[in-house]
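Engineer: Predicted model and sequence follow; I will ask about them next.
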Amino acid sequence: MKAVLAVAAGLLAADAHTVTMPGKFFSPARLDVVAGDEVTWRNTDTVQHDVRAVDGSFASGVLGRFGGLTVRFDAPGQRPYLCTIHPFMRGEVGVQAALLEAAPGPVLAGEPVHLRGRTAPGVPVRVEHAQADGVVHARGGVVAAADGTFAVTVAAEAGSYRALTAAGASPPVTLAVLGRLDARIAVHANGVRVWVRPAQPGLHARLQRYARERFMWRPLDRARLDRRGRARFRVPARTDRVRVLLSRAARGPALAVTDTVRMRDGRHVPDPARPREGGGAPGHGEH
Amino acid sequence: MRRGLRGPAALLPVLVLAVGAAGAQAATREYWVAATPARWNAVPNGQDAIHGVRLDPADTIFPTVTYRRYVRGWRRPAPLDRRAGSGRIPGPLLRARVGDRVLVHFKNLDTRTRARHSMHFHGVEYRKGSDGAFIPGFSGRGAAVPVGGTFTYVLDAGPDSAGVWPYHDHSTAMDASIAGGMYGALSIRGRHEARPDREFVVAFAPLGTLQTIDGRAFVGNTPVFKARVGELVQWDVIAMGSEHHTFHVHGHRWVGADGVPLDTRTIGPAESFRVRWREDAPGTWLYHCHVETHMAQGMIGLYRVRR
């Protein structure tokens, strides 16, 4: 895993790449680069090898120990190659218009995720997300820096992301996204209890009250979920409607929002006009 | 206050006069007001709640410069007068009574645009030096106070000053300043007039792409004014900008100068009037500009009356 990450980081960090021949194989055998990058092959084996494109566009001739070849790739496309001395030794360079990578590790749906990438310097980039059923949505645009790098922050969704430029698209990147948090709320002893499934100890919980005459939710209290992924709040006597937002950072975007509960003097009041899920303004009919 | 008096001894006569104001004697009132940078959110709830339309924060949150009241000697900003709806946009509600002398100490703390600013008051008496209006070659220090500078405007509330009046920047930067919210209200009570139980400032003015009341747009963002049945309420209405507005309050009527009852009154740029009534209509009411396009762009608010 570590090695894979190191290579991945190298892909984005540098525009120079090295493929070695430590034995009768290419390492790495499969390499993605950005159009304009250079790739250097180096024979680190004790016997002779060579490097030759299947389409004949580049060839090294016989390479002795530590002998090498450097090729610059300008046009996007797949470039398979082989060692003609040992024809079972094969590799491929994928020349891409752009490359994209996501930070490793599973994230919760809705959590902000930084997608970093690289393309040609100063090029406009769009990032789009494709759902499993193929529906595609735009998820932000940016202009690449002078070194070709760019970064976009998205709210994590299951499915794949790719970066698009005028010259073409990056290979898709799939995020490991856990299912959406299920956040529950219950009235309890002059206050409310909140818990989430799966348990997420340490999440920030923000108690909010609905300010009816302001048409908005206002903060009331805050807490961290305990080791069992739960928290309790006292609710002031005159408060009407409350809900709890769960987030990774104290002021971060909400990963989950509980239902709204209506209270009077610490007791639950049945609410005929239940607010929509996700928590905009409560519906009409309570005036 | 005479020049030359300095230090705590100088405050003594002012305090005596201010205490005396509770009776019928004339007083000297002092206010400290600064031009300060602000990051202004004209639509804190992010929506036109009546029509259910979400607004883009890029159109409703922006940097600007406003008047802000300070405590004596510029030690810190004074608390905002939220019940009256004033404090930043519009600037602090400055109150006085006929016969009072009003000293407004102004300081330019606009480190954002670094423009010169001033305060120009309608409705009161003053010598030319306290006019606050910039005329090249004629006006004095008070017409264009540089960043970091201070100036004291000396105003007198004369017999014909009773009512509500606007004040605003009248320096070289006045066009941009007024468009950004540098205006406020001066409220002068007649010598034998009762003090209202509630006083509300309604300042009609455009702000960016919005039409605002007190610098805010749409219900829940504009002030939610509150009163109880039986209270004497006073509405201080001013308008700034280049358009006319119509002040309308639901569920209420008042008597105009010609004795005819009104529930809507027109107001143009830099005009002002006040409306008083003894509250008798409990409920949650709307107040708004009845120019339909202005109402649709945010000139509407809530007035809540409890029994």
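Structural biologist: Cool, got the structure.
Engineer: what's the residue in the stretch 101-250 of chain B positioned nearest to chain A in contact with, if anything?
Structural biologist: Here the residue of the stretch 101-250 of chain B nearest chain A is B:G220; by CB to the nearest CB that distance is 3.7 Å. C-beta coordinates here come from the backbone N, C-alpha and C atoms, glycine included. Taking CB atoms under 8 Å, 6 or more residues apart in numbering or on different chains, we find B:G220 in contact with A:A211, A:E213, A:R214, A:F215, A:M216, B:P44, B:N45, B:A49, B:L302.
Engineer: can you pull the buried residues of stretch A:163-175?
Structural biologist: The neighbour-count check on stretch A:163-175 (16 or more other CB atoms under 10 Å in any protein chain shown) flags A:A163, A:L164, A:T165, A:A169, A:S170, A:V173, A:L175 as buried.
Engineer: In a markdown table, list the residues you listed along with pLDDT and secondary structure.
Structural biologist: Shown next, in a markdown table, are the buried residues of stretch A:163-175 (pLDDT from 0 to 100; DSSP: H, G, I helix; E, B strand; the rest coil):
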| residue | pLDDT | secondary structure |
| --- | --- | --- |
| A:A163 | 94 | strand |
| A:L164 | 93 | strand |
| A:T165 | 93 | strand |
| A:A169 | 91 | strand |
| A:S170 | 93 | coil |
| A:V173 | 89 | strand |
| A:L175 | 83 | coil |
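Engineer: Farthest-apart pair in those residues, please.
Structural biologist: Pairwise distances across the buried residues of stretch A:163-175 (CB to CB) peak at 20.9 Å, for the pair A:T165 and A:L175.
Engineer: sorry, back to before: going by neighbour count, which of the contacts of B:G220 are buried?
Structural biologist: With burial judged by 16+ other CB under 10 Å, the buried subset of the contacts of B:G220 is A:R214, A:F215, A:M216, B:P44, B:N45, B:A49, B:L302.
Engineer: Could you report the distance from the fourth one to chain A?
Structural biologist: Read that as B:P44. To chain A, B:P44 is 7 Å away according to CB to the nearest CB, to the nearest Å.
Engineer: wait, isn't B:V33 in contact with B:N108?
Structural biologist: No - counting by CB atoms under 8 Å, B:V33 stays clear of B:N108, with 10.5 Å between them.
Engineer: Let's verify B:T293: helix, strand, or coil?
Structural biologist: Look at B:T293: counting by DSSP: H, G, I helix; E, B strand; the rest coil, its state is helix.
Engineer: and it, what is it in contact with?
Structural biologist: B:Q211.
Engineer: Check B:Y287 too.
Structural biologist: Counting by CB under 8 Å, 6+ apart, B:Y287 touches B:V202, B:I213, B:F225, B:F247, B:H248, B:V249, B:H250, B:I300, B:G301, B:L302, B:Y303.
Engineer: now the helices for the chain?
Structural biologist: Unless you meant another one, I'm taking chain A. For chain A, applying DSSP state H gives helices covering A:2-13.
Engineer: right idea, wrong chain: chain B
Structural biologist: Counting by DSSP H, the helices of chain B are B:8-20, B:57-60, B:174-179, B:292-296.
Engineer: Point out where the chain drops to low pLDDT.
Structural biologist: No chain specified, so I'll use chain A. Where chain A drops to pLDDT under 70, the residues are A:1-15, A:104-105, A:271-287.
Engineer: My question was about chain B, not that one.
Structural biologist: Per-residue confidence for chain B (pLDDT under 70) gives these ranges: B:1-24.
Engineer: coming back round to it: could I get the buried residues of stretch A:163-175 in CSV, plus columns for distance to B:G149?
Structural biologist: Output for the buried residues of stretch A:163-175, formatted as CSV (distance: CB to CB, whole Å):
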residue, distance to B:G149
A:A163, 53
A:L164, 54
A:T165, 53
A:A169, 59
A:S170, 57
A:V173, 57
A:L175, 56
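Engineer: on that earlier part again, from the contacts of B:Y287, pick the one nearest B:R265.
Structural biologist: B:R265 has its nearest neighbour among these in B:F247, at 5.2 Å by CB to CB.
Engineer: From B:A270, how far off is that closest one?
Structural biologist: Applying CB to CB, to the nearest Å, the value for B:F247 to B:A270 is 15 Å.
Engineer: who's more crowded, those two?
Structural biologist: It is B:F247, of B:F247 and B:A270, that has more neighbours when counted by other CB atoms under 10 Å in any protein chain shown, with 23 against 16.
Engineer: ok, now how distant is the more buried one from B:F204?
Structural biologist: In terms of CB to CB, B:F247 sits 8 Å off from B:F204.
Engineer: what touches both of these two?
Structural biologist: Common neighbours of B:F247 and B:F204, using CB under 8 Å, 6+ apart, are B:V237, B:I267, B:C289.
Engineer: Can you check the residues you listed and name whichever has the most neighbours?
Structural biologist: In the shared contacts of B:F247 and B:F204, the most neighbours by other CB under 10 Å go to B:C289, 28 neighbours.
Engineer: Quick check: chain neighbours aside, which residue is closest to residue 250?
Structural biologist: Here I'm looking at chain A. The shortest distance from A:A250 to any non-neighbouring residue, by CB to CB, 6 or more residues apart in numbering or on different chains, is to A:H204 (5.1 Å).
Engineer: try again with chain B
Structural biologist: Sequence neighbours aside, B:W285 is the residue nearest to B:H250 in space, at 4.3 Å (criterion: CB to CB, 6+ apart).
Engineer: For that neighbour, list the residues it contacts.
Structural biologist: B:V249, B:H250, B:G251, B:H252, B:L302, B:Y303, B:R304, B:V305.
Engineer: What's opposite it in the beta bridge?
Structural biologist: Per DSSP bridges, the residues bridged to B:W285 are B:Y303.
Engineer: mind checking how far it is from B:E292?
Structural biologist: With distances taken as CB to CB, B:W285 is found 19 Å from B:E292.
Engineer: Now restrict the contacts of B:Y287 to buried residues only.
Structural biologist: For these, buried by 16+ other CB under 10 Å: B:V202, B:I213, B:F225, B:F247, B:H248, B:V249, B:I300, B:G301, B:L302, B:Y303.
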